[in-house]
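> My questions are about this predicted structure, shown below with the sequence.
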Amino acid sequence: MAVKIDKNLCNGCGSCKESRCMAVCPGNLLYKNEDNQAKIRDKRECWDCAACVKECPRQAIAMYLPAEVGGRGSTLQAQDFGDKIVWKLKKLDGSIEEFNIQNKLLFNSNL
């Protein structure tokens with residue numbers, strides 16, 4: 001799998017030196033290009049952790065899914081609402097499935 005960054009949506013998190021996706025990438029694979037947009041150095045090096053997908057406030061980053069999971073060319077995006085993360089599976093036929101995952105850490109007072 002690999003990530004794709006939609007240059008029509010990415011604003012590089014504004015004027016900050018390091019965008020949010022850059023800060024969370026455990027492989028240090030993301031950087032800002034000359035247009036102040038996030039770019040991946042080498043898609044083959046991506047760990048498929050989805051940290052950047054979840055962190056992007058503009059939903060500009062999607063993860064390609066392998067054929068076994070979503071069909072060749074399907075993508076997965078996330079939007080963090082604090083108490084839940086909404087994952088959107090976009091299939092090649094244009095259909096979209098949504099999955100809502102509650103953020104249990106916010107509700108566990110024992111942590």
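Cool, the structure landed.

> which stretches of the protein have low pLDDT?
Within the chain, the stretches with pLDDT under 70 are 1, 69-71, 104-111.

> ends of stretch 6-20, how far apart?
Terminal residues of stretch 6-20 lie 15 Å apart, using C-alpha to C-alpha, to the nearest Å.

> Give me the secondary structure label for the nearest residue to Lys88 once chain neighbours are set aside.
The shortest distance from Lys88 to any non-neighbouring residue, by C-beta to C-beta, 6 or more residues apart in numbering, is to Gln77 (4.8 Å). Every C-beta, even on glycine, is put in place using the N, C-alpha and C of the backbone. Three-state call for Gln77 (DSSP: H, G, I helix; E, B strand; the rest coil): strand.

> Does Gln77 touch Tyr64 like I think?
No. Using C-beta atoms under 8 Å, Gln77 is not in contact with Tyr64; the gap is 11.1 Å.

> who's more crowded, these two?
Taking neighbours as other C-beta atoms under 10 Å, Gln77 and Tyr64 compare with Gln77 leading, 21 against 18.

> Sheet-wise, list the partners of the host helix or strand of Glu98 with their directions.
Here Glu98, judged by DSSP states H and E, is contained in strand 96-102. Strand 96-102 has its sheet partners listed here by DSSP bridges as strand 84-90 (antiparallel).
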